[in-house]
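**Q** Take this sequence and fold it.
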Amino acid sequence: MGQKVNPHGLRVGVIKDWDSRWYARNEKVGDLVVEDYKLRKYLKKTLYSAGIPKIEIERDNAKIKIYLHCARPGVVIGKGGTEIERLRLELEKKLGKPVALNIVEVKTPDTDAQLVAENIAQQLEKRISFRRAMKNSMG
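**A** Numbering: from 1, shown residues only. Below is the predicted model of the structure:
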């Protein structure tokens, strides 16, 4: 029986980079991993309409840098940057540290596997037949 290997984990350090970039003492690692997970879950839920395939988190002692890769950056930024500022303040209140939000635009959203899968899921939630949803995303 063959062993299953996580495709992302297999490629880390070769052609992919870590999604979380920080280093901590042994006592703090568990808490920070859980904090990263909750942060990703919260951002994914609140910004679902922006199409976010990947969230990168960088930490140092003082601040947290968050890189949001998104298909529709206009949804995240809002009119004149109001929405992103509100989100930044909300995250600072939640985490208790200064947060820097950087938005990275995904140039070709139709070739990103995560975005294609979320698009199909949205169509299925709207009760579109699965065959039509699959054909639309392939063609």
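**Q** Tell me which other helices or strands the one helix or strand V34 maps to touches.
**A** Taking DSSP states H and E as the criterion, V34 maps to helix 26-46. Helix 26-46 makes packing contacts with strand 54-59, strand 64-70, helix 82-95 when contacts are defined by 3 or more C-beta pairs under 8 Å, 6 or more residues apart in numbering; DSSP states H and E. Any C-beta I mention is one placed from the backbone N, CA and C, and that applies to glycine too.
**Q** Nearest to I103 among those would be which one?
**A** Taking C-beta to C-beta as the measure, the helices and strands packed on helix 26-46 were each checked against I103, and strand 64-70 came out nearest at 5.2 Å.
**Q** mind showing which ranges of the chain have poor pLDDT?
**A** Within the chain, the set of residues satisfying pLDDT under 70 is empty.
**Q** any idea how this protein splits into domains?
**A** For the chain, whose domains are defined here by automatic domain parsing, the residue ranges read 7-107, 108-139.
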